[in-house]
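K.L.:
Just need the structure, nothing else, for what follows:
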Amino acid sequence: MPQGLELQAITTSGQRRRAMSDRHALLAVANAARDSSRVSGLTHDFYRYPARFSPTFAGQAIELFSQPDDLVLDPYMGGGTVVVEAARLGRDVVGNDINALSHFLASVKTSPLSSGEHGAVARWAVDIIPTLRANIASPRVDELLESERTRNLSVPRARYLKRIIATALTSITMLPSERAQNFARCAILNAAQGALDGRRGNTTTAEFRDRLQADVHRMLQGVRDYESAIEDVRAADIFLANADAAHLTDLPIFASGRRARLVVTSPPYPGVHVLYHRWQIDGRRESPAPYWIANRPDGQGASYYAFSSRDNVDGYFASALRTLQGTRAVMETGGIIVQLIAFNNPRTQLRRYLETMIAAGFEEVRWRRNRVWRGVPNRKWHAAVQGHTSSAREVLLVHEAV
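P.N.:
Below is the predicted model:
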């Protein structure tokens, strides 16, 4: 096992003061990593993206390991937690993900609304949502329902919700801007996920309307809180990309020569089945409905978003090396990368992942004898019933770019 950078071994007085400061920061981040509270606050709960980590963890890492002039990067941004927290703390930030759904979510979560847009969305929630019905005849609704991305929404539990979702999607065209329409689209996405994804019971159309209306009002308050938070700090530049992390050097901000001082991220887990691109409808039937609602392209299999299939561990580590090398190429030497990651087989895969980090140009910062592990909070019910499997625990890793 690589020994990494032993902070305790530093001997000069100046280095010792820095080591103590770093150790304090690492202890604070470790405590934040253990936070198991439900993801909430600002715009964080706009959608339940798989394998989210705590805003408390992301915020602590950003605050302790970066300065306001630094650039923060999340190469696998998922639901955009790091991007939102970096903006809240006044850091310029690059959020990237190969998944177009991730890009949509991060964009909505970090887009303030004008007062006119706030009012228009609120009126849509009050005046239009209660009128949504599954039996309204409309050519525009019928056209939406013909999409291949509604696959497996025709099962008995989902078919009536599919039509009311389509009706809701056609209604957002009355909103005054693309930004307002995407906000409403995200609210529909969130309500539909709660009604359909992994549900053990039926959701009625009346319950869906109530859920959607409540989600809109809650999300409007969340974006107001986000707007207030970013008013109080240095204005941050936010750069969002939908790209392979192996090619981060092609992004304009990095092509210009700027480099990231801090990376906070959670990469895909080796050997662990996570659906970053599908919902599970009526049991185990997978549907690309999130892309239909978000109006974003899909068409890739699960291995595209998770580096490889569950059984192809070699393929996973080959993809991990490519993307970690791409990440190292856009970092300052001496920059820090903080990660949370789980493994199907920690005994062998953790060692191999650490070796991959070394090959990509990183050295581990070891600041205590035992690593910090945490249980993955708020797992879906069909994952939670499996109990405390290896993949239900994440490890905190801190590395320096060398």
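K.L.:
and E400, backbone torsions?
P.N.:
When quoted as degrees, to the nearest 10, the phi and psi of E400 stand at phi -110, psi 140.
K.L.:
May I ask you to confirm that it is in contact with G335?
P.N.:
Yes: counting by CB atoms under 8 Å, G335 is a contact partner of E400 at 7.2 Å. All C-beta atoms are positioned from the backbone trio N, CA, C, and that covers glycine.
K.L.:
where along the stretch 51-200 of the chain do the helices fall?
P.N.:
Applying DSSP state H, counting those that start in this stretch to the stretch 51-200 of the chain gives helices spanning 55-65, 81-88, 100-109, 115-123, 139-145, 159-171, 178-196.
K.L.:
Deepest in the core, which of these is it.
P.N.:
helix 81-88 (a mean of 29; mean count of other CB atoms under 10 Å).
K.L.:
Using CSV, list the CA coordinates for that helix.
P.N.:
In CSV, the C-alpha atoms belonging to helix 81-88 read as follows (Å, rounded to 0.1, in the frame of the first residue of the first chain):
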residue,chain,number,x,y,z
THR,A,81,-23.3,19.8,-5.2
VAL,A,82,-19.7,21.0,-5.5
VAL,A,83,-20.7,23.6,-8.0
VAL,A,84,-23.4,25.1,-5.8
GLU,A,85,-21.2,25.1,-2.7
ALA,A,86,-18.3,26.7,-4.6
ALA,A,87,-20.5,29.5,-5.9
ARG,A,88,-21.9,30.0,-2.4
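K.L.:
now what about it, what contacts it?
P.N.:
39, 42-44, 52-55, 58-59, 62, 72, 74, 77, 92-93, 95, 106, 109-110, 226, 229-230, 233, 236, 238, 240, 264-265 (CB atoms under 8 Å, 6 or more residues apart in numbering).
K.L.:
Next, the buried residues of the strand or helix carrying M219.
P.N.:
Using DSSP states H and E, M219 falls within helix 205-231. Neighbour-count burial for helix 205-231, counted by 16 or more other CB atoms under 10 Å, picks out 205, 208-209, 211-213, 215-216, 219-220, 222-223, 226, 229-230.
K.L.:
Distance of I337 relative to V263?
P.N.:
4 Å (CB to CB, to the nearest Å).
K.L.:
So for those two, which residues contact both of them?
P.N.:
T327, M331.
K.L.:
Show the contacting residues for I172.
P.N.:
Contacts for I172 (CB under 8 Å, 6+ apart) come out as W124, Q181, A184, R185, I188.
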